[in-house]
Structure formats: structure tokens, C-alpha cells
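> need the 3D shape of this:
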Amino acid sequence: MLSSFRLHTAEGGGDPLLYDVRGAFVTGPPAISRILVGETDRLVDRSIRATVRKTALPRAILTIRIVETGHLPLVVGGRFRAKVTVEATAVGNGEKIAAGGFTISTFALDGRHAQARLAERIAQRVASEFRLQEAGPATLATALFP
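Coordinates of the predicted model:
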């Protein structure tokens, strides 16, 4: 779990998020699909860019590593999973300030769709843990009514 990224205040009020995320790097070993790594990087970057903080927080950079992926074939489609680790590094001094990991799974009919869906799920989890805005695709409705 990524619970190490959060600090609960004694007063019970305030935002438990510790860091203002300034950037993220998504990596993986050669066996991991380039599509999965690239799409995850794009989606996390979009969330970081969409996030605006009202108060100054310690700045951090994330290193997201997709450690392994797996596939369980089913009668129709399959269950795809990815094991992910995340490290937060302080911008000011370069020290590792937090680390955590999680496993994401999803059902898909084919591998190409599964890679995109896993990337979405990983980006959503990172956005949730760091309280980033999940920026969806731009549409005419969001352009007219932000």
C-alpha cells in the first residue's frame, strides 16, 4: 500500500497529502510493454499538469516502476495484472522520502486493450494517493463548460 505517502495530522484537519508532485518517471524492465510504460507516463504527467495546489507543500518527483505484468487467460478475454512500486524523491536535496507498492488488475478481451486499461488504473491509483487531478480527455462539453 502507498499509505506511507500520507501523514495524519494531530488536529484531524488539513490535507494529509505531504508532497507537491512536480514530475514522474515511469520505467520497467525490458519484458514490460513499451505501450504500458508510455501510456502510464502520459496519463500520470497529465494528472500532474492538471493539479494546482493552494498551499505550498514540499516538492517531490515520483519514480514509478512497473515491476512485472501477468496474464491469466479466461474463456473469453483474460485477467491482466501489473505489480508497481512508487518512490517519492525530494526535489530540494534528492533524498528518497517515501516508497510503496501495489498490484493492479483488470479484465480485457485482448492484450492491446489490456495495456491501455492497466495504464489507466495505475495512473488513477497514483493520482488518488497523491491527490492529483485526474484530467480526462478534452471534449467539446469540457471546453465550453470547464
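
> chain center to the helix or strand containing residue 71: distance?
According to DSSP states H and E, residue 71 maps onto strand 59-73. Counting by CA atoms, centre = their mean, to the nearest Å, strand 59-73 is centred 9 Å from the centre of its parent chain.

> for stretch 74-84, same thing?
So, by CA atoms, centre = their mean, the centroid of stretch 74-84 is 19 Å from its chain's centroid.

> quick one: buried residues of it?
78, 80-82, 84 (16 or more other CB atoms under 10 Å). Just so you know, the C-beta spots here come from the backbone N, C-alpha and C atoms, and that holds for glycine as well.

> return the subset of the residues you listed lying in strands.
78, 80-82, 84 (DSSP state E).

> now flag whichever of those is closest to residue 118.
residue 82 (5.0 Å; CB to CB).

> returning to what we had before: in JSON lines: the buried residues of stretch 74-84, plus pLDDT and distance to residue 30.
Listed next are the buried residues of stretch 74-84 as JSON lines, based on pLDDT from 0 to 100; distance: CB to CB, whole Å:
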{"residue": "78", "pLDDT": "90", "distance to residue 30": "22"}
{"residue": "80", "pLDDT": "94", "distance to residue 30": "19"}
{"residue": "81", "pLDDT": "95", "distance to residue 30": "19"}
{"residue": "82", "pLDDT": "95", "distance to residue 30": "15"}
{"residue": "84", "pLDDT": "96", "distance to residue 30": "17"}
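
> tell me the one of those nearest residue 62?
Using CB to CB, the buried residues of stretch 74-84 come closest to residue 62 at residue 84, 11.1 Å.

> what sits opposite the closest one in the beta ladder?
residue 66, residue 102 (DSSP bridges).

> was I right to think it contacts residue 103?
Yes. Between residue 84 and residue 103 there is a contact under CB atoms under 8 Å: 7.2 Å.
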